[in-house]
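Undergrad: Task: produce atomic coordinates for the following.
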Amino acid sequence: MNAALLLILAVAIGAWLLRRAHTGRDDETALSASRIGDDAGNPRDDDGDEEDFPSEMVAVTSEGLAFVPYSGGVTLMVSQRGSESGEWSWNSTADPESPRAPGHQPVERLRKGDLVGARVRKGDPQEPWLVEALGVDRNYRAWSFETEESARAAHQTLDRHVVSTPFGEDGEPSAPSSGDYAEALHRRNMTEQELATQGEDELPG
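TA: Got it, this is the predicted structure:
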């Protein structure tokens, strides 16, 4: 009788030890996966910590520039036009951290704080939707989009990863006003006109 009880106890202890060992391996595997990144391939920041990006749409402008978030901001990359649909398409497997992502060409990298504000504005038939932005020196930036959905997706990406709203005199965040955008656009237009006039003056005759 005692021998039978000892045998049952030994079997129970052995099963418990096997279960503990299996659980330990699962925990180790989960820890390794968290260090590498998640299943969506979200990049890590410079300190090696994973940047937890919520799922967001990669917006593509009318000219084919894709707004791709990365660990320190947003990379503007040239996307590819589909041979069958004729529409711009983005390969979600391309790595915006890579200086030369396969099939895509980085154009510009916007880092956190490069913009002080961004907004969506309805445009005209040539540029149906615009995402306007102001840089730290209040220079005017704008990108055109075919649909409101893509424009708002680009605005959300910029607002989340690039825009840093300055503080006003009262110590509270103060986003640029409509007048600030209008003034910045006016300055840009005047600068372009001056440059065009200088170019004409330099022409012989």
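
Undergrad: For my notes, confirm residue 179 occurs in a helix.
TA: Yes. Per DSSP: H, G, I helix; E, B strand; the rest coil, residue 179 lies within a helix segment.

Undergrad: Neighbours of it, how many?
TA: Neighbourhood size, residue 179 [other Cβ atoms under 10 Å]: 8. Using the backbone N, CA and C atoms, a C-beta is placed for each residue, glycine as well.

Undergrad: any idea how far it lies from residue 170?
TA: 19 Å (Cβ to Cβ, to the nearest Å).

Undergrad: How about residue 64?
TA: 42 Å.

Undergrad: quick one: which of the two has more around it?
TA: Using other Cβ under 10 Å as the criterion, residue 64 and residue 170 rank with residue 64 on top: 16 against 7.

Undergrad: Look up how far residue 144 lies from residue 59.
TA: 11 Å.

Undergrad: Number of residues surrounding residue 128?
TA: 16.

Undergrad: Look up phi and psi at it.
TA: When read as degrees, to the nearest 10, the backbone of residue 128 gives phi -60, psi -40.

Undergrad: can you give me the helices in the chain?
TA: 2-36, 148-161, 178-201 (DSSP state H).

Undergrad: ok, now which ones touch residue 133?
TA: 115, 117, 118, 119, 140, 141, 142, 158, 163 (Cβ atoms under 8 Å, 6 or more residues apart in numbering).

Undergrad: so it bridges to which residues?
TA: Going by DSSP bridges, residue 133 is paired in beta bridges with residue 118, residue 141.

Undergrad: Could I get the pLDDT score of it?
TA: Residue 133 carries a pLDDT score of 98 in this model.

Undergrad: what's the burial count for residue 73?
TA: Applying other Cβ under 10 Å, we find 19 other residues in the vicinity of residue 73.
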